[in-house]
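Peer 1: any chance you can model this:
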Amino acid sequence: MADVPEGEQQDDGGRIGRRSILKYGGSGAVTAGLAGCQSPQNPYPGSGLRGSGNESSGDEGLEETNESDGEALLSGETVKFGVLAPMNLPLGQSMWEAAQLAAGQYNDSGGMLGAKVEVALGESNADPNQTVSEYNRLVRQEGCDITLGVFLGSALVRMMNQAMAPAKKIHITTASADPRAGELASKSVDFTGSGAENEYERFKYHFRAGPINLLDLADAMLEFLENKAGNRGWETVGVLTENPAEFTPYHDRLVEGLSEIVDVPVVKRVSGGTKWRSVYNELESESCDLALVGLALAGTKAVKQWANQRRGFGFGGIHVPAQSFGYWESTGGSCEYVFTMNAMTPQTTNTQRTQEFVQAYQDEFGKAPIYSGAITYDAINLTEQALRMTLEGEGTEGEVPDADTMIPYLEEGTFTDSTILEEFQFTSADSKYAHEPQWTSIAETGVPVFQQWQDDPEARPDYGTMHSFYPEQNKTADYAAPDWIGGGG
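Peer 2: Numbers count the residues shown, from 1 in each chain. Purely as a prediction, here's the structure:
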């Protein structure tokens, strides 16, 4: 089950007919003042959180949200989240920190529907065996009601099969983009040969709050290049994708569609042992205008050599290390001009909640969050809404509902107050990729965004800035070609 089945990347059946589902409501440019939109009584409007009232007011421009009569439906209870995070990676640290931030905000503001919120860390180390072991510990020993997190598809799929299905506890993925999870949770796909309905009953406990899966990420990259390659002068592109099997769906989908947009003379699967000088020599010999990368674990050496050797092509695509705020420092500024797809950045205003979250995170931890942190934070707020829907729908209170009772409400619900999207729904159980974020296109949803590391003294005098240059509704700066290319990259 660890291998991607042949032909998986050919079907985009989780799209609900490409109809418009998600509504984008953010504006473009960011101002520092947006972080101060909350009020002391309602610091995160609509999220159910309430402040103590002893902070200075700054609520101009946001409406107060009235509390529901069911605000204390879980009074006296505890809702406990387990967070499976690779703490050796910045994206894992951001997941754990965002979960702590959300728990603290709820507990400081009366709880989650009156319940105390607790979070427990499961150090996954991005390792399948350790992820399974830590999941079991979180559920069996820590007593977690819901688990969040997981990075790398191999770890997610093994955890679903060996731990989540037997435990029958809801897991909300907030970092892995592997589409196999959606197929396992589908009523219409017989992924393992045991029958689609049987698989659904085993794996229906899995939901993904983000990111969009690898097939959608490939479609987003193709949409971006179709709109921007001509403007940037990217006529010839070399594709360099990291070689773990879980990235194969993205790679194959991308390569299949890319030749209709640009010339693609170089296509390679790369790793931490890749000799980048020889790869770059090949790209230059083929007159490539862009190295289109897909790198999660092996990206820093590639960036440093590209910058230090002043290669004659642009560099970007999906570069997970470059999504971290600390990447400028860790590369000594070599990441300047590198661009990457992302869900949000410290500068963007995807929704009115984005900068509230960014500022609160910075105040708490002294650094900016990564996409995985924002999605984890959203998953906890989404859980509160799902709990309310379930309790009110079932006419119960005073006890945290079990997973089987909650699942229909997660499947049918429309969720708001996200940092990424104004409205969020999961794909249906009948979709090929079930319980995934419903996504149609960048044009309709405003995500993902494309960020570029830039030296912008006006935004930040002594450090690089993660500016978004696409799409227009989330743009904070123009794309900047590397100065040694002089506008051609």
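
Peer 1: with adjacent residues omitted, what lies nearest to the most centrally placed residue in the chain?
Peer 2: Taking CA atoms, centre = their mean as the criterion, residue 211 is the residue nearest the geometric centre of the chain, at 3.3 Å. Counting by CB to CB, 6 or more residues apart in numbering, residue 177 is the residue found nearest to residue 211 once chain neighbours are left out, at 5.0 Å. From N, CA and C alone the C-beta is placed, and that goes for glycine too.

Peer 1: my read: the one you found touches residue 153, true?
Peer 2: Yes. The pair residue 177 and residue 153 passes the contact test of CB atoms under 8 Å, sitting 7.4 Å apart.

Peer 1: residues touching the residue nearest to the centre of the chain, list them.
Peer 2: 175, 177, 217, 343, 371, 375, 437, 448 (CB atoms under 8 Å, 6 or more residues apart in numbering).

Peer 1: among those residues, name the ones in helices.
Peer 2: 217, 371, 375 (DSSP state H).

Peer 1: can you report how many residues lie near the last one?
Peer 2: Which is residue 375. Neighbour count for residue 375, taken as other CB atoms under 10 Å: 31.

Peer 1: which residues of the stretch 351-489 of the chain score low on pLDDT?
Peer 2: For the stretch 351-489 of the chain, applying pLDDT under 70 flags the ranges 487-489.

Peer 1: try it again with 50
Peer 2: In the predicted model, the stretch 351-489 of the chain carries pLDDT under 50 at residues 488-489.

Peer 1: ranges for the helices of it?
Peer 2: Ranges of helices within the stretch 351-489 of the chain are 354-365, 371-394, 403-412, 442-445, based on DSSP state H, counting those that start in this stretch.

Peer 1: which of the ones you listed is buried the deepest?
Peer 2: Among those, helix 371-394 has the highest mean neighbour count (mean count of other CB atoms under 10 Å), at a mean of 24.

Peer 1: how far off centre is that one?
Peer 2: Its chain's C-alpha centre and that of helix 371-394 lie 16 Å apart, by CA atoms, centre = their mean, to the nearest Å.

Peer 1: and the strands in this protein, which stretches?
Peer 2: With strands called from DSSP state E, the chain shows them at 78-85, 116-123, 146-149, 170-173, 206-208, 236-242, 263-270, 290-295, 314-319, 339-342, 415-416, 423-424, 449-454, 465-470.

Peer 1: the residue nearest to residue 211 and residue 91, how far apart?
Peer 2: 12 Å (CB to CB, to the nearest Å).

Peer 1: for residue 275, same thing?
Peer 2: Residue 275 is 27 Å from residue 91, by CB to CB.

Peer 1: okay, these two: which has more neighbours?
Peer 2: Between residue 275 and residue 91, counting by other CB under 10 Å, residue 91 is the more crowded of the two (25 against 10).

Peer 1: which one of the helices of the stretch 351-489 of the chain lies nearest to residue 327?
Peer 2: helix 371-394 (13.0 Å; CB to CB).
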